[in-house]
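Novice: Got a predicted structure plus its sequence, pasted below:
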Amino acid sequence: MFKYILLPTLLISIILSNKGMEEKRLTCSPEVELNHACIMKDLETVRYILKNYPNVNVNWENSEHSHPLHQACIWGTREIVEELLKHPTIDISKKGIVQSTKISPLRRAINYKKLNFIEELIKYAVRNNIPKVINELSSHEKQKKSN
């Protein structure tokens, strides 16, 4: 008899845990959660926020003047960068401040030698005709050759 009582309880807990995956509760603003998810390589949360909070400010800066795309270009995965680049308001030329220097997500990816991210950012810039990013890349190449 104990087994029969346990089975429905187990099914209920499985159903509730699956439902919890669909209805994730945020502990703070979507912008803060998105920034944190990019640092923690949490693709599921990134997708959840971008899907369920369409007005989320993906260019939001934290107190250290960094934003989700910056964080993703250091800590994230290619999939996270790709998800952020799909958002209609993403600004890939937006600079954050790193060690009192303004720096773009592309420059961050270059500094951290994240080749996959560099490739995604360049493809996005070319596809969307964003000359600032393309010019930044060519100036980086000139600097490299002069050193």
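Specialist: Here it is on my side, so go on.
Novice: helix or strand for residue 108, which one?
Specialist: helix 105-111 (DSSP states H and E).
Novice: which residues in the chain form strands?
Specialist: 96-98, 101-103 (DSSP state E).
Novice: possible to save those as a markdown table with mean pLDDT, mean neighbour count and distance to residue 55?
Specialist: Heads up, the C-betas are built off the backbone N, CA and C, glycines and all. Shown next, in a markdown table, are the strands of the chain (pLDDT from 0 to 100; neighbours: other Cβ atoms under 10 Å; distance: least, Cβ to Cβ, whole Å):
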| stretch | mean pLDDT | mean neighbour count | distance to residue 55 |
| --- | --- | --- | --- |
| strand 96-98 | 78 | 17 | 21 |
| strand 101-103 | 85 | 13 | 26 |
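Novice: Dump these into a markdown table; add distance to residue 35 as well.
Specialist: A markdown table is the format used below for the strands of the chain (distance: least, Cβ to Cβ, whole Å):
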| stretch | distance to residue 35 |
| --- | --- |
| strand 96-98 | 11 |
| strand 101-103 | 16 |
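Novice: Quick one: closest of those to residue 47.
Specialist: Across the strands of the chain, residue 47 has its closest neighbour in strand 96-98 (22.9 Å, Cβ to Cβ).
Novice: and the closest one, what does it pack onto?
Specialist: Contacts defined by 3 or more Cβ pairs under 8 Å, 6 or more residues apart in numbering; DSSP states H and E place strand 96-98 against strand 101-103, helix 105-111.
Novice: Let me know which of the ones you listed is tucked in deepest.
Specialist: Among those, ranked by average contacts under mean count of other Cβ atoms under 10 Å, first place goes to helix 105-111 (a mean of 23).
Novice: can you dump the C-alpha coordinates of that one into CSV?
Specialist: The C-alpha trace of helix 105-111 is given here as CSV (Å, rounded to 0.1, in the frame of the first residue of the first chain):
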residue,chain,number,x,y,z
PRO,A,105,32.0,43.8,-27.1
LEU,A,106,34.2,43.0,-30.2
ARG,A,107,37.3,44.5,-28.6
ARG,A,108,36.5,42.4,-25.5
ALA,A,109,36.2,39.2,-27.6
ILE,A,110,39.5,40.1,-29.3
ASN,A,111,41.3,40.7,-26.0
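Novice: any idea how far it is from the chain center?
Specialist: Offset of helix 105-111 from its chain centre (Cα atoms, centre = their mean, to the nearest Å): 14 Å.
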